[in-house]
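Novice: quick one: sequence and predicted model below, then my questions.
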Amino acid sequence: MSSSLAQPLPWLLLLLALAVFTAETASAAELEVEPLGGKAPQREFDYFALALQWPGTYCQRTRHCCSNNACCRGSNAPTIFTIHGLWPDYNDGTWPACCTKSRFDPKEISTLTDALEKYWPSLSCGSPSTCQGGKGTFWAHEWEKHGTCSSPVFRNEYDYFLATLNIYFKYNVTTVLNEAGYVPSNTEKYPLGGIVSAIENAFHMSPLIICSKGSVEELRLCFYNDFKPRDCAVGQDIKTDMVSKGSCPKYVSLPEHASLGGPGRDGLQSWVSDDAAAF
Ligand SMILES: *[C@@H]1O[C@H](CO)[C@@H](O)[C@H](O)[C@H]1NC(C)=O
């Protein structure tokens with residue numbers, strides 16, 4: 001009896017092995033990076049920048065409201081640094097973009113939506129460009145433009161968004177600045193060097209800080225491809241010891257979220273496009 005059962009077993013194993021092998025080759029082929037429009041494939045990136053945005057500064061330029069703009073959530077508007085994106089970068093200061101034809105699919109990240117709404121919200125009503133000549137949501141833009149270039153570290157949209165959330169949870173810039181005494185304020189100004197030192201001491205990396213009209217607008221943390229922290233300065237910037245781009249003064253502010261429609265805010269005359277940041 002045992003021998004009659006033993007006969008078909010090797011065949012079964014062989015069939016199983018074949019099935020597994022075929023499935024693996026098929027998925028490997030699907031994951032291959034497809035360069036856009038016949039261009040040469042873009043080379044692998046050197047490091048990641050986790051770009052964080054300060055809603056108190058971004059939301060000052062909100063001129064109209066819409067449901068997908070977190071600046072419009074009233075007292076529920078974010079009061080912490082939120083995610084802008086996780087960007088593959090090159091050491092020469094350039095970056096790859098739109099690396100595959102993979103289209104953003106909201107269904108792939110449906111289990112992450114609550115966390116993304118909270119920590120990776122859009123701070124504008126605009127529809128940023130996607131890679132195939134269209135417009136899309138903030139998440140579609142970030143995935144198609146930057147996320148598709150994160151291969152081979154991330155193989156799909158879900159992994160990219162999940163890993164970005166995880167790295168963001170691990171390096172809480174808001175806590176570090178609050179603990180160093182840099183709390184949101186519409187009147188205080190803080191030394192840029194103090195903010196940089198607080199981050200350096202906590203995370204052992206030099207961030208890059210971007211300002212708009214003297215306010216911190218964006219703070220970037222940088223990581224090697226294995227997510228060990230590294231300094232953000234690259235290329236020419238290293239020589240000049242640059243830690244800020246876009247004219248951060250020596251003393252910067254970290255504004256609280258100004259509620260919309262408040263009187264006397266400056267900048268009304270110099271309307272800034274929602275998509276002014278070219279990233
Ligand atoms: C980071 O810290 C702030 C302030 O301490 C807290 O409100 C926020 O929930 C933290 N963010 C994450 C993602 O853990």
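Specialist: On my side now, so go ahead.

Novice: and P184, what does it touch?
Specialist: G56, T79, L254, P255, E256, H257 (C-beta atoms under 8 Å, 6 or more residues apart in numbering). The way it works is simple: take the backbone N, C-alpha and C, and place the C-beta from them, glycine included.

Novice: how about the second one, what does it touch?
Specialist: Taking C-beta under 8 Å, 6+ apart, we find T79 in contact with P55, G56, P184, E256, H257.

Novice: how about 10 Å then?
Specialist: Neighbouring residues of T79 by C-beta atoms under 10 Å, 6 or more residues apart in numbering: W54, P55, G56, T174, P184, E256, H257.

Novice: cool, the fourth one as well?
Specialist: For P255, the contacting residues are 54-60, 184-188, 213-217, by C-beta under 10 Å, 6+ apart.

Novice: tell me the helix or strand right after the host helix or strand of V176.
Specialist: Assessed by DSSP states H and E, V176 sits inside helix 173-179. Once the chain leaves helix 173-179, the next helix or strand it forms, by DSSP H and E, is strand 190-191.

Novice: helices or strands next to that next one in the packing?
Specialist: In this structure, strand 190-191 makes packing contacts with strand 251-252, judged by 3 or more C-beta pairs under 10 Å, 6 or more residues apart in numbering; DSSP states H and E.

Novice: could you find the closest non-adjacent residue to the closest residue to the ligand within the stretch 1-150 of the chain?
Specialist: Residue of the stretch 1-150 of the chain nearest the ligand, by C-beta to the nearest ligand atom: I80 (5.1 Å). Using C-beta to C-beta, 6 or more residues apart in numbering and skipping the chain neighbours, the partner closest in space to I80 is T174 (4.2 Å).

Novice: what about that neighbour, how many residues nearby?
Specialist: Close neighbours of T174, defined as other C-beta atoms under 10 Å, add up to 19.

Novice: near the closest residue to E44 other than its chain neighbours, how many other residues are there?
Specialist: Of all residues not flanking E44 in the chain, P152 sits nearest, at 7.4 Å (C-beta to C-beta, 6+ apart). By the criterion of other C-beta under 10 Å, P152 has 9 neighbours.

Novice: pretty sure P152 sits against T100.
Specialist: No. Using C-beta atoms under 10 Å, P152 is not in contact with T100; the gap is 11.9 Å.

Novice: for I80, helix, strand, or coil?
Specialist: The three-state label given to I80 by DSSP: H, G, I helix; E, B strand; the rest coil is coil.

Novice: wait, what's in contact with it?
Specialist: Going by C-beta under 10 Å, 6+ apart, I80 touches L52, W54, P55, K118, Y119, N172, V173, T174, T175, L177, N178, P184.

Novice: for it, what are phi and psi?
Specialist: Recorded main-chain torsions at I80 are phi -130, psi 160, according to degrees, to the nearest 10.

Novice: same thing with D114?
Specialist: Phi and psi for D114, reported as degrees, to the nearest 10, are phi -60, psi -50.

Novice: what distance do you get for it to F104?
Specialist: 18 Å (C-beta to C-beta, to the nearest Å).

Novice: the two - which one has more neighbours?
Specialist: Applying other C-beta under 10 Å to D114 and F104 shows that F104 carries more neighbours, namely 19 against 9.

Novice: quick check: which element contains H141?
Specialist: Per DSSP H and E, H141 falls inside helix 138-141.

Novice: does any bit of whichever helix or strand comes after that helix sit next to the ligand?
Specialist: Remark: after helix 138-141, the chain's next helix or strand is helix 157-170, criterion DSSP H and E. Yes. Against the ligand, helix 157-170 shows contacts by C-beta under 6 Å from any ligand atom at Y168, F169.

Novice: off-centre distance for helix 157-170?
Specialist: In terms of C-alpha atoms, centre = their mean, to the nearest Å, the centre of helix 157-170 is found 9 Å from the chain centre.

Novice: what of stretch 136-144?
Specialist: Using C-alpha atoms, centre = their mean, the offset of stretch 136-144 from its chain centre is 10 Å.

Novice: now do the same end-to-end measure for that stretch.
Specialist: 10 Å (C-alpha to C-alpha, to the nearest Å).
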